[in-house]
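> following is a predicted model, sequence given first.
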Amino acid sequence: MRPFALRLAGYSLLATALLTAAVFFAYIGVRYYKLDSQMYRWMSGEDARDTQWNRSDRQGGALGLAGYRMDIDARVVPGIDKNLSGLAFDTDHDRLIAVVNRPATLYTLDRNGEPTGSYPLRHGPDIEGVAYLGNNRVALLQERKNTLHIVTLPAQPGPIDMDKSKSLRLDLFPGSNAGFEGVGYDAGRDQLYLVKEHSPSKLYRIDGLHDADPAAMTLRLTDLSAWIDGSLPATDLSSVEFVPGLDHLLLLSDESYRLMELDRDGRPVSYLDLRSTPFPHARVPQAEGMAIGPDRTIYVVSEPNLFYRLTPPAVAGNGNAG
């Protein structure tokens, strides 16, 4: 082979190797560090919106997320291998309820993330969100079908037949691959909050769930997406929670690694960047669900099977866990 041909072959091999390396590192950056979302935030000016949050004049009567500290960091939940996707706090039994979407299963957990019971969900694939309604009743979100199911937990752990549950189809996004992702409940007002993940993100409220007959269409649906349009320092929403006593909302973003607090009128109050210090682990891989307890301790779950606990400023300052 002539020298020119040898050089050309060498250049081709080098170019192929460089291209392969670039594709590999791009995949790692997007899959594990979500560089596409970070680039979008920078180009769209979303970082400038952060100035609306954590303002001192809005912290009175607020959670003050910036002061939270993590005292359980990336604990693997025993017995769950993957697909941990939602979380709720059961105030009647002082425990957490987690959901795995494949195979569809509800788990009860203690405050430390240890499983105490499991409830396989028959005929219930793709469950992404969970909310505790009281009196052992649980709301479950089936994402792709945009369906809300209400089931009752049996006295002892065991299977739950989803075909026998009350259900409500929410056909708000025909033809969309992104349905409802998270759900939270205000027991005092019987109001259910739902978030759509992206393309675009949406926020809704359902009133009258407790006494409603789905067949009679007596539910009232309110679109609250104006609360989040153009104001959130986040590119997606994976969960929503109502904060009793404050009447505030908590929002969770997987792509932007953030917890965000809105007041009762939808105004920005505080946020917490889950990548920031003093958290030992730099990132929560895929934050899918959260819950808040009566003492305002916040619990977060991430795929594949990780559990986090964040304590509020007063508790963190005293060195006590929730």
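Happy to help now that I have it. Numbers count the residues shown, from 1 in each chain.
> where do the helices sit along the stretch 201-322 of the chain?
With DSSP state H, counting those that start in this stretch as the criterion, the stretch 201-322 of the chain has helices at 313-318.
> show me where it dips below the pLDDT cut-off.
For the stretch 201-322 of the chain, the stretches flagged by pLDDT under 70 are 211-218, 277-283, 315-322.
> give me every residue that touches Ile292.
By CB atoms under 8 Å, 6 or more residues apart in numbering, Ile292 lies in contact with 89, 241, 243, 250, 298-299. Using the backbone N, CA and C atoms, a C-beta is placed for each residue, glycine as well.
> bridging residues for it?
Ile298 (DSSP bridges).
> how close does it sit to Lys145?
Noted for Ile292: a distance of 27 Å to Lys145, by CB to CB, to the nearest Å.
> most neighbours among the contacts of Ile292, please name it.
Within the contacts of Ile292, Glu241 tops the neighbour count with 28 neighbours, counted by other CB atoms under 10 Å.
> against Leu251, how distant is that residue?
Counting by CB to CB, the gap from Glu241 to Leu251 is 8 Å.
> same deal with Arg75?
For Arg75, the distance to Leu251 (CB to CB) stands at 23 Å.
> more neighbours: which of the two?
A direct count of neighbours by other CB under 10 Å for Arg75 and Leu251 places Leu251 higher, at 26 against 14.
> now the strands for the stretch 101-250 of the chain?
104-109, 115-122, 127-134, 137-142, 147-152, 160-161, 166-169, 180-186, 191-196, 202-207, 220-223, 239-243, 248-253 (DSSP state E, counting those that start in this stretch).
> so which of those strands gets nearest Asp71?
Of all the strands of the stretch 101-250 of the chain, it is strand 104-109 that lies closest to Asp71, at 15.8 Å by CB to CB.
> other SSEs contacting the closest one?
If contacts are counted by 3 or more CB pairs under 8 Å, 6 or more residues apart in numbering; DSSP states H and E, strand 104-109 sits against strand 95-101, strand 115-122.
> and the ones you listed as JSON lines, adding distance to Thr222, mean pLDDT and mean neighbour count?
Shown next, in JSON lines, are the helices and strands packed on strand 104-109 (distance: least, CB to CB, whole Å; pLDDT from 0 to 100; neighbours: other CB atoms under 10 Å):
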{"stretch": "strand 95-101", "distance to Thr222": "25", "mean pLDDT": "97", "mean neighbour count": "25"}
{"stretch": "strand 115-122", "distance to Thr222": "29", "mean pLDDT": "96", "mean neighbour count": "16"}
